[in-house]
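J.: this one's sequence-less:
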Ligand code: AMP
């Protein structure tokens, strides 16, 4: 089972990707994770990629494309893979498609989590972390997981802790805009890549605006 998953930052793509990965038992290949591992291990690839990642830019295609195409040839990918974070632009989409055609491999599913840009941004900026437990979801802009209120103070909706904080990079509007500029670009960016696949295979569109459970329910129904 060969699967691609697309979705802007803030759409819940990571969570849905993990659910899809579990359903099919294929390796979840996340470009960003591979880069971060290489940076922490101090590899040559990591050193090449670091500056671009720190600036919020895409790592050049001549580094990223062979890295991913080689990864797909590893033994654990022989029964399939779930690619997440690649392709990120039109050129990468074309390179992946060409490689698949050459290897006589097909794409079983291409998933697109659809979310309006303003909502995606609000979701990132509205995230609140509970000091007691990272897995207590709170977001001031998502009704289903809005923090509770106690004595006029915002508290964790799960445990009632009044220690709700934000993650610094969630509040960096410029960084969020930069990433979204790449994603929502229909000329050469990620959505241009999605449109490229739409001309070739069926792309499963899932509305990313409801809560996590509703989104995964719709997604799993469409994958069945
Ligand atoms: P992510 O964890 O997916 O947000 O990726 C973190 C960073 O890794 C991105 O901001 C880019 O700098 C880089 N990156 C991830 N995927 C790609 C890709 N397909 N092409 C180029 N750079 C990428």
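T.: Looks like it arrived, so ask away. Fair warning: this is a prediction, and the values are worked out from it, not measured in the lab.

J.: Quick one: the helices in the protein, in order.
T.: In the chain, the segments counted as helices under DSSP state H are 13-24, 31-41, 44-55, 61-71, 90-102, 117-126, 173-183, 190-198, 212-223.

J.: could the ones you listed go into TSV alongside distance to residue 4?
T.: Where you see a C-beta, it was placed from the backbone N, CA and C, and this is true even at glycine. Output for those, formatted as TSV (distance: least, Cβ to Cβ, whole Å):
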stretch	distance to residue 4
helix 13-24	10
helix 31-41	12
helix 44-55	21
helix 61-71	11
helix 90-102	8
helix 117-126	19
helix 173-183	14
helix 190-198	7
helix 212-223	13
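
J.: If we ignore the residues flanking it in sequence, what's nearest whichever residue of the chain sits closest to the ligand?
T.: Distances between the chain and the ligand by Cβ to the nearest ligand atom are smallest at residue 32, namely 2.0 Å. Using Cβ to Cβ, 6 or more residues apart in numbering and skipping the chain neighbours, the partner closest in space to residue 32 is residue 85 (5.1 Å).

J.: For this structure, what lies in contact range of the ligand?
T.: When proximity is defined by Cβ under 6 Å from any ligand atom, the chain lies next to the ligand at 31-32, 35, 52-53, 56-59, 64, 85-86, 88, 92.

J.: ok, these vs residue 17, which is closest?
T.: Distances from residue 17 to the residues of the chain next to the ligand, taken as Cβ to Cβ, are shortest for residue 85 (9.1 Å).

J.: ok, now which residue in the chain is the farthest from the centroid?
T.: residue 151 (37.0 Å; Cα atoms, centre = their mean).

J.: show me the contacts for it.
T.: Residues in contact with residue 151 (Cβ atoms under 8 Å, 6 or more residues apart in numbering): none are found.

J.: Now do the phi/psi pair for it.
T.: phi 50, psi 40 (degrees, to the nearest 10).

J.: Model confidence score at it, please.
T.: Looking at residue 151, its pLDDT is 94.

J.: Distance of it relative to residue 133?
T.: 21 Å (Cβ to Cβ, to the nearest Å).

J.: what do you get for residue 152?
T.: 23 Å.

J.: Comparing these two, which residue is more hemmed in?
T.: residue 133 (12 against 5; other Cβ atoms under 10 Å).

J.: so what's that one closest to, chain neighbours aside?
T.: Residue 133 sits nearest to residue 159 (Cβ to Cβ, 6+ apart), 6.7 Å away.

J.: Residue 182 now?
T.: residue 189 (5.0 Å).

J.: Can you give me the neighbour number for the one you found?
T.: 18.

J.: what residues are up against it?
T.: Applying Cβ under 8 Å, 6+ apart, the residues near residue 189 are 88, 89, 90, 181, 182, 183.

J.: Thanks again, I'm all set now.
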